[in-house]
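[1] predicted model follows, preceded by the sequence.
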Amino acid sequence: MATTTTKHEHSPGTLAAAGGLTAFACVMLIMCGILDVFRGIMAIANDEVFVNTRNYVFKFDLTTWGWIHLALGAVAVAVGIGLAMTATWARVMGVLIAGLLIIANFLSMPYYPFWSLTLIAMNAFIIWGLCVVEKDSDY
């Protein structure tokens, strides 16, 4: 009697938990999304929290940057929840939204430089975590 080992397969209606680097990217994406939502709310509610710069090429009103960060952060949280449920679309969207968050944080760097650099690094780890997952994994 020969026994064979098979990979754990998920039916479309079953919820599965993300594992390994996908779980890391999931938690980081949700965390970055929440932080960007808070950053957006802070910029919308009180413009004086951020440093105002002159002669900046990508200059928007701080309220506009607030809405940009709020929207991207909300999408990041939703995609992070999709990653937790191992949705295939969420991996692709996770890389895309993390890339957009890197760009948004880079463009708003003069307003809050240390925080922008921190979120850029965190989003780079998210992209790394989603891109190095092996094809034979449970995902």
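    Yes, it's here.

[2] what's the closest non-adjacent residue to residue 122?
    Excluding its sequence neighbours, the residue lying closest to residue 122 (CB to CB, 6 or more residues apart in numbering) is residue 32, at 5.2 Å. No exception for glycine: its C-beta is placed from N, CA and C like everyone else's.

[3] chain center to the helix or strand containing that neighbour, what's the gap?
    Assigned by DSSP states H and E, residue 32 belongs to helix 20-45. Centroid displacement of helix 20-45 relative to its chain, using CA atoms, centre = their mean, to the nearest Å, is 6 Å.

[4] helices or strands next to the helix or strand just after that helix in the packing?
    Sequence order places helix 62-84 as the next helix or strand after helix 20-45, per DSSP H and E. Using 3 or more CB pairs under 8 Å, 6 or more residues apart in numbering; DSSP states H and E, the elements in contact with helix 62-84 are helix 20-45, helix 88-107.

[5] which parts of helix 62-84 are buried?
    Judged by neighbour count (16 or more other CB atoms under 10 Å), helix 62-84 contains these buried residues: 62, 65-66, 68-70, 72-73, 75-80, 82-84.

[6] re the thing from before, and the helix holding residue 32, what's buried?
    Neighbour-count burial for helix 20-45, counted by 16+ other CB under 10 Å, picks out 21-22, 24-30, 32-33, 35-37, 39-40, 42-44.

[7] what about residue 110, which SS state?
    Counting by DSSP: H, G, I helix; E, B strand; the rest coil, the backbone at residue 110 sits in coil.

[8] which among the helices and strands packed on helix 62-84 is found nearest to residue 129?
    Proximity to residue 129 (CB to CB) singles out helix 20-45 among the helices and strands packed on helix 62-84, at 3.5 Å.

[9] what angle separates that closest one from helix 62-84?
    Helix 20-45 runs at 160 degrees relative to helix 62-84, counting by axes from the mean of the first three to the mean of the last three CA atoms, to 10 degrees.

[10] looking at the helices and strands packed on helix 62-84, which is closest to residue 128?
    Minimum separation from residue 128 across these (CB to CB) falls at helix 20-45, 8.1 Å.

[11] can you redo the helices and strands packed on helix 62-84 as a markdown table with mean pLDDT and distance to residue 126?
    Output for the helices and strands packed on helix 62-84, formatted as a markdown table (pLDDT from 0 to 100; distance: least, CB to CB, whole Å):
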| stretch | mean pLDDT | distance to residue 126 |
| --- | --- | --- |
| helix 20-45 | 89 | 5 |
| helix 88-107 | 91 | 4 |
